[in-house]
Structures are given as structure tokens and as C-alpha cells.
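Trainee: Below is the structure, and that's it, no one-letter string:
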């Protein structure tokens, strides 16, 4: 390792005062102690601790050596002595892609040290601006085939059942789970067939190509990538729920949750109104009925500010109440007098997102 480090550092001579004659790399032949060895100090008659200036300016008669290498170095020293500049300090120079330069670059040093691997052609389809970290992380594991699917589990647990947890009809592999499985294929088709149209596919390998297609329109591409990540995360979570013997979620609810931005990552401006014995959430279309994204870590204050800005409301408003709606399939299972959901503090914002 020491030799590797030395190969990245040279000395550009000025007056020779800050450069070790024997241990710095200032001559084209390399570090002289490595070229001549310890014996070279005796043969050359130059002290071990000498600087280049001390070695060249000292009263020292040029020696005639039996070894041609020593005679060549003696000739080099005469040329170097003529080029010394007493008013200029020595400079440390570092190996860069374009040669040795006075400025050190960590990035270029790392690039020169490492062995370049194959360029990852799918990373931009996983890590991008506004990514939801938990979605991206699970998708990243899936792309690298590092999720604990049953085909991988049986390798260290021969007694495990390799059958797909969701459909129970085939061996559970990454590609089967996303989206050859009849269960996951139904979810993916529901979400994306209308968006992708002629580009629709449920083959994992083709989807990885599609999310990096530069020709695809940006909004369509964003919808595809975000939907893919949200669906992979939701299916993997549901798969684990079933595997650990929890009650499965009806596929209709799962599809609706994904269709509405995973059921909690969006807020709509509106209000709850009482109609007879029922409470109903009514979107305020005068304000656009638009939706805005709520990211992990969002605070109640940020949520209020976002609503004021997004819907052009007067920022002098002293009080504003935020509520959110539930899916029809969930409301049908609740009592008619269930109170509406207010968002009034950071904890409730976290509940909204989670």
C-alpha cells in the first residue's frame, strides 16, 4: 500500500530545500533509495537526511563509478543543479488523470485506484428526486435480487416450502413475484395498463428497461417509476404479512390504496359535511380539488404552509382545519357516526403518512 501511495505523489523542484534527496520522488528515475538501495548512500557520498539543495550545492567532487547507473545519476544531478531556482519553493504534485498536478483530487485519486466496474444502467430508475426512501430501498433490493424470496430461503433452509406466498401456484422467485404471479399481475395491470397503453408489460426485465427509456415523456415516466416502487413495496409488505400468518388485505383494498398514492401520501382540500346520519368528505372543487405530496418527516406547520401556498389561500388566516378522507371500502366497514379525521399536530401527520 505504501508503494501505491508513493506512486501518486511527486515533488516539483524549486530550490530543493523542502525535498528529501533520497526519499522523495523528484527525479524521473524514481525514489533514489529504491533505485540504489542503502548502499547507494555510501557510493554517492550523500547523507541520508540530505535535501536536494544540500546534496547538489555541497562541495562534492563528482565521482566516477563502476556501475553505469550511478554515473548516469551523477550526470542527471548536474542538469538538475542548473535548473534550481533559489527564490521558488518546492511544490507537492499529485497524480491526476491528465498527469501530475499541484491540486489534489480525492475523486480522481479514487477513480485511478479502483477497478472500474460495469456501469449501472438502472440506477436512475431507482434513485431520483422526490423518491420515497422506503419504496426505493425495497425496489433496489428487488433489482439486485436480494429480497428473501422463497427460492433463496430454501438454499439455507431446505425444509422451507418454495411455493409463492401470494398465489400458491408456482415457485416464488423475484421475477415471479413481480409480476408473473397471478395476484401481483392483477394489481400491476389494474394500476398501469391504462397509463402505459401499448408499452404495458408485466415482465420484470422489460420493466427495468422501460424505467430507463429516455424517449418516454417525463410525466409518464415518473408515474411508471413511482407506481413500480410503491407496488413492489406494497406487495412485499403484503407477502410478509401473509407469510407471518397475519390477516391478508383484500386485493381490492390494496389496489385502491396504491391507486390513491399508497392510501396516505396525498392530501385533498375539502371538508366533512353531515348528511343525515352520515358524514361525507366533500372535495372543494372551487379550490381545485388538487392533491399535494406529503413526504416522510413532514410537520404540521409545513403541511399548513403547503396548503396555503398550493391553493392560493390568504396567509393571514388565523385558523385552518385539515381533514382527510378514507377509502369507500374502509368507510363501509365503519360506524355511520365515526368522527372525521382531523390533522392538528405532528403525530397525526405521521399517522397520515404511515
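Mentor: Done, it's in. Just so it is clear, the structure is predicted and the values come from calculations on it, not from any experiment.
Trainee: Against residue 132, how distant is the residue lying closest to residue 345 once chain neighbours are set aside?
Mentor: Closest residue to residue 345 apart from its sequence neighbours, by CB to CB, 6 or more residues apart in numbering: residue 300 at 5.4 Å. (C-beta placed from N, C-alpha, C; glycine too.) The spacing between residue 300 and residue 132, counted by CB to CB, to the nearest Å, is 20 Å.
Trainee: Model confidence at residue 120, what's the number?
Mentor: Residue 120 carries a pLDDT value of 83.
Trainee: so residue 216, which of the three states?
Mentor: coil (DSSP: H, G, I helix; E, B strand; the rest coil).
Trainee: Using the record's assignment, carve the protein into domains.
Mentor: Using automatic domain parsing, the domain ranges for the chain come out as 2-113, 123-259, 266-353.
Trainee: Of those, flag the one that's most buried.
Mentor: When you average the neighbours per residue for each of those (mean count of other CB atoms under 10 Å), domain 123-259 leads with a mean of 16.
Trainee: for that domain, how far is the first residue from the last?
Mentor: The straight-line separation of the ends of domain 123-259 (CA to CA, to the nearest Å) is 25 Å.
Trainee: For it, what does the pLDDT average out to?
Mentor: pLDDT averaged over domain 123-259 gives 92.
Trainee: from the middle of its chain, how far away would it be?
Mentor: Computed by CA atoms, centre = their mean, to the nearest Å, the chain-centroid distance of domain 123-259 equals 19 Å.
Trainee: just the strands in the stretch 51-200 of the chain please.
Mentor: Using DSSP state E, counting those that start in this stretch, the strands of the stretch 51-200 of the chain run over 91-96, 99-101.
Trainee: Let me know which of those is the nearest to residue 163.
Mentor: strand 91-96 (56.1 Å; CB to CB).
Trainee: In the stretch 1-150 of the chain, where is pLDDT below threshold?
Mentor: For the stretch 1-150 of the chain, the stretches flagged by pLDDT under 70 are 59-62.
Trainee: Helices of that one, start to end?
Mentor: 2-6, 32-36, 39-44, 52-57, 68-83, 106-113, 133-143, 150-156 (DSSP state H, counting those that start in this stretch).
Trainee: what's the answer for the stretch 151-300 of the chain, then?
Mentor: 174-175, 182-196, 204-210, 218-243, 251-259, 300-310.
Trainee: center of the protein - which residue?
Mentor: residue 127 (5.6 Å; CA atoms, centre = their mean).
Trainee: so who does it touch?
Mentor: 136, 140 (CB atoms under 8 Å, 6 or more residues apart in numbering).
Trainee: And it, its phi and psi?
Mentor: phi -110, psi 120 (degrees, to the nearest 10).
Trainee: And residue 147, by the same measure?
Mentor: According to degrees, to the nearest 10, residue 147 has phi -70, psi 150.
Trainee: Excluding chain neighbours, what is closest to residue 185?
Mentor: Nearest to residue 185 is residue 179, by CB to CB, 6+ apart, at 4.7 Å.
Trainee: Let me know whether the one you found touches residue 191 as I believe.
Mentor: No: counting by CB atoms under 8 Å, residue 179 stays clear of residue 191, with 10.3 Å between them.
Trainee: Distance of the residue lying closest to residue 145 once chain neighbours are set aside relative to residue 77?
Mentor: Of all residues not flanking residue 145 in the chain, residue 174 sits nearest, at 4.9 Å (CB to CB, 6+ apart). According to CB to CB, residue 174 stands 66 Å off from residue 77.
Trainee: ok, now residue 195?
Mentor: Taken as CB to CB, the span from residue 195 to residue 77 is 75 Å.
Trainee: Residue 163 too?
Mentor: 79 Å.
Trainee: ok, now residue 228?
Mentor: Taken as CB to CB, the span from residue 228 to residue 77 is 67 Å.
Trainee: cool, and residue 154?
Mentor: 71 Å.
Trainee: same thing with residue 127?
Mentor: Applying CB to CB to residue 127 and residue 77 gives a distance of 55 Å.
Trainee: Look up how far residue 39 lies from the residue nearest to residue 32 when sequence neighbours are not counted.
Mentor: Nearest residue to residue 32, sequence neighbours excluded (CB to CB, 6+ apart): residue 22, at 5.3 Å. Computed as CB to CB, the residue 22 to residue 39 distance reads 12 Å.
Trainee: Over to residue 145?
Mentor: The value you get for residue 145 to residue 39, if CB to CB is used, is 58 Å.
Trainee: give me every residue that touches the nearest residue to residue 212 once chain neighbours are set aside.
Mentor: Nearest non-adjacent residue to residue 212, counting by CB to CB, 6+ apart: residue 125, 5.0 Å away. Each residue near residue 125 by CB under 8 Å, 6+ apart is listed here: 208, 211-212, 225.
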